[in-house]
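Trainee: below: sequence and its predicted model.
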Amino acid sequence: MSMYEEWDGIADVRSVLPVNRCARLGLRTADERLLQAPETPADRFTSTDPWRVLRVQSEFVQGFDVLSEVGPAVTIFGSARVKPEEPMYEAATETARLIGEAGYGIITGGGPGIMEAANKGARAAGVMSVGLNIELPFEQHVNPYVDLEVEFRYFFVRKTMLIKYAQAFLIFPGGFGTMDELFEALTLVQTGKIKNFPIILYSRPYWQGLLDWVKGTLLAEGKVSPPDIDLLQIADSPTEARDLTLAGIKGLDDRAEKEAKARDTAKYALGKRNGR
């Protein structure tokens with residue numbers, strides 16, 4: 001048994017291993033270990049999870065420290081599978097460049113695809129290009145257009161940073177990870193956890209099916225309300241994406257009013273259910 005295999009069984013060797021080393025060594029990621037239910041008696045629990053809390057704390061401290069001086073920024077999400085020769089890659093690059101030229105840094109997950117394209121646009125605009133990389137069961141390297149890199153082992157810590165240091169979310173076509181960020185942002189706005197936070201989808205043809213399902217199923221069955229759907233805006237060109245983003249950030253549209261309606265509707269729905 002190697003030193004790393006032995007440590008994987010009794011401690012958290014990732015405190016001394018860089019992100020992506022787990023993939024190379026065949027070890028479980030920190031997130032995987034954290035989310036696994038305890039399989040042994042309580043004494044085993046007390047010798048692992050309490051110590052893991054310190055790791056989580058250290059990632060928050062590192063993220064807050066490094067990102068505190070980033071300045072105004074927009075977080076851009078999208079698929080890591082988009083190739084440089086695809087039109088959506090070019091659109092993300094141009095969109096990020098335009099937003100950068102308006103004075104906003106660009107934050108991404110630091111990976112390939114749309115993330116790389118957005119960081120490339122930030123580099124072209126001469127603004128801060130931030131990449132928040134995550135440890136995965138397979139290797140993912142930070143793209144070459146990132147100027148400021150922060151590595152995370154825990155998804156929920158990384159997600160906090162992606163939201164906390166952004167003034168808006170711009171969401172390009174993507175998969176499960178992109179959907180995760182989209183719906184979490186909507187939930188945070190709907191519940192008043194974040195305010196004056198534009199959420200803009202790029203490419204109506206891509207997102208229309210999802211929006212149709214939200215209206216035809218969630219709204220039709222009363223699981224969401226019309227003001228919730230109004231939280232989303234759609235852009236079909238880089239200039240439109242930039243304009244919607246800036247208008248929302250600067251309060252030049254009815255964003256605040258829409259958010260207030262969504263919050264009030266959610267409060268009313270939950271209060272009515274609880275008999276208030």
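Mentor: Looks like it arrived, so ask away.
Trainee: what's the burial count for E151?
Mentor: By the criterion of other Cβ atoms under 10 Å, E151 has 18 neighbours. No exception for glycine: its C-beta is placed from N, CA and C like everyone else's.
Trainee: now do the SS call for it.
Mentor: Following DSSP: H, G, I helix; E, B strand; the rest coil, we place E151 in the strand state.
Trainee: that one reaches L136, doesn't it?
Mentor: No: with contact defined as Cβ atoms under 8 Å, E151 and L136 do not form a contacting pair (11.3 Å).
Trainee: all strands of the stretch 101-250 of the chain, in order?
Mentor: Counting by DSSP state E, counting those that start in this stretch, the stretch 101-250 of the chain has strands at residues 105-108, 129-134, 148-152, 169-171, 199-202, 232-235.
Trainee: quick one, domains of this structure?
Mentor: As given by automatic domain parsing, the domain ranges for the chain are 3-62, 71-270.
Trainee: tabulate the ones you listed (CSV), appending mean pLDDT.
Mentor: Formatted as CSV, the domains of the chain follow (pLDDT from 0 to 100):
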stretch, mean pLDDT
domain 3-62, 61
domain 71-270, 95
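Trainee: need the winner for burial among these.
Mentor: Mean neighbour count, computed with mean count of other Cβ atoms under 10 Å, is highest for domain 71-270 among these, reaching a mean of 19.
Trainee: what's the closest of the strands of the stretch 101-250 of the chain to T217?
Mentor: T217 sits nearest to strand 232-235 of all the strands of the stretch 101-250 of the chain, at 15.7 Å, using Cβ to Cβ.
Trainee: what's next to the closest one, contact-wise?
Mentor: By Cβ atoms under 8 Å, 6 or more residues apart in numbering, the residues outside strand 232-235 that reach it are 186, 198-204, 207, 211, 241, 243-244, 248.
Trainee: contacts only, for L211.
Mentor: L211 neighbours (Cβ under 8 Å, 6+ apart): I229, L232.
Trainee: equivalent analysis for G126, please.
Mentor: Counting by Cβ under 8 Å, 6+ apart, G126 has contacts G100.
Trainee: now it: phi and psi?
Mentor: phi 80, psi 30 (degrees, to the nearest 10).
Trainee: ok, what's across the strand from the closest residue to M128 other than its chain neighbours?
Mentor: Take M128 and drop its neighbours on the chain: the residue closest to it by Cβ to Cβ, 6 or more residues apart in numbering is G105, 3.5 Å away. Under the criterion DSSP bridges, G105 forms beta bridges with A73.
Trainee: quick check: G105 touching G71?
Mentor: Yes: counting by Cβ under 8 Å, G105 touches G71, with 5.9 Å between them.
Trainee: mind listing the shared neighbours of these two?
Mentor: M128.
Trainee: now do the helices in the stretch 1-150 of the chain.
Mentor: 3-10, 21-25, 30-35, 42-46, 49-67, 87-101, 114-125 (DSSP state H, counting those that start in this stretch).
Trainee: report the angle between the longest one and strand 129-134.
Mentor: Put simply, helix 49-67 runs at 170 degrees to strand 129-134, going by axes from the mean of the first three to the mean of the last three Cα atoms, to 10 degrees.
Trainee: what helices or strands is helix 49-67 leaning on?
Mentor: Here helix 49-67 touches helix 30-35, strand 148-152, helix 155-164, going by 3 or more Cβ pairs under 8 Å, 6 or more residues apart in numbering; DSSP states H and E.
Trainee: ok, now with 10 Å
Mentor: helix 30-35, strand 129-134, strand 148-152, helix 155-164 (3 or more Cβ pairs under 10 Å, 6 or more residues apart in numbering; DSSP states H and E).
Trainee: turn those into a markdown table, columns for distance to L98.
Mentor: Conversion of the helices and strands packed on helix 49-67 to a markdown table gives the following (distance: least, Cβ to Cβ, whole Å):
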| stretch | distance to L98 |
| --- | --- |
| helix 30-35 | 34 |
| strand 129-134 | 14 |
| strand 148-152 | 20 |
| helix 155-164 | 21 |
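Trainee: determine which of the ones you listed approaches T191 most closely.
Mentor: Here helix 155-164 is closest among the helices and strands packed on helix 49-67 (Cβ to Cβ), at 13.1 Å.
Trainee: send me that closest one as CSV with only the CA atoms.
Mentor: What follows is helix 155-164, C-alpha atoms only, in CSV (Å, rounded to 0.1, in the frame of the first residue of the first chain):
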residue,chain,number,x,y,z
PHE,A,155,-18.2,23.0,-4.6
PHE,A,156,-20.3,24.9,-2.1
VAL,A,157,-17.3,27.1,-1.2
ARG,A,158,-16.6,27.8,-4.8
LYS,A,159,-20.2,28.6,-5.6
THR,A,160,-20.2,31.1,-2.7
MET,A,161,-17.3,32.9,-4.3
LEU,A,162,-18.8,32.9,-7.8
ILE,A,163,-21.9,34.7,-6.4
LYS,A,164,-20.4,36.9,-3.7
